[in-house]
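J.: Output the structure for:
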Amino acid sequence: MARGNPITQLPSELFEGVLSYLTLGGTNLAELPQNVAEPSTALAYLDVTDTDIAFFRSWMEPLVEDMLGVMPLLAAGGTPYCSDLDAIMSGSSSKFTTPFETGQSTLLMNASVENWEYLLQAVDCSPSYGLALFPLEYWDVKYGTHDSEF
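T.: The predicted structure is shown next:
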């Protein structure tokens, strides 16, 4: 589905830098880079909400496992991946619709009941409400781009 943001591909180097939070929601992404030589261990949150992401790569597994028990690394509401996950957990499907290929995550693409707890801890499929994570209205008022007091 075409969205307002034209980003469709990302360089693997983006995931190798010292990056804690990466928000890619609302872009035209259908997949993340195939190979990331040294994924950043600093990445604590990856937002791919409202994209066309249907699967995750194996290079993400160590990052996901680092965040288990803390918070889900992946925010993916509104994606084909989460639609599949919802169908799997509701019992209307037993597998992801994307055929498994080499390089995909064996943990994040494992639809077995035994793996559900892992998936629930790794991926947040809550809907995206399109809200900024930053109080833009407050800054707009406070710093003079708007006339009223906050």
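J.: Touching, E31 and M60? I think so.
T.: No - at 11.7 Å, E31 does not count as touching M60 under the criterion of CB atoms under 8 Å. All C-beta spots, glycine's among them, are computed from the backbone N, C-alpha and C.
J.: These two - which one has more neighbours?
T.: The neighbour comparison of E31 against M60 (other CB atoms under 10 Å) goes to M60, with 22 against 18.
J.: Just give the nearest non-adjacent residue to the more buried one, would you?
T.: Excluding the flanking residues, the one nearest M60 by CB to CB, 6 or more residues apart in numbering is S105, at 5.9 Å.
J.: Let me see the contact set for the one you found.
T.: Going by CB atoms under 8 Å, 6 or more residues apart in numbering, S105 touches F55, F56, R57, S58, M60, E61, V64.
J.: burial count for the residue lying closest to the first one once chain neighbours are set aside?
T.: To tie it back to what came earlier, the one meant is F55. Once flanking residues are discounted, F55 sits nearest to T98: 4.6 Å by CB to CB, 6+ apart. For T98, the neighbour count with other CB under 10 Å is 15.
J.: swap in the one 3 residues further on?
T.: Neighbours of E101 under the rule other CB under 10 Å: 9.
J.: just to revisit the earlier point, mind listing which of the contacts of S105 are in helices?
T.: Counting by DSSP state H, those place E61, V64 in helices.
J.: separation between the residue nearest to M60 and P62?
T.: Distance of S105 to P62, computed by CB to CB, to the nearest Å: 11 Å.
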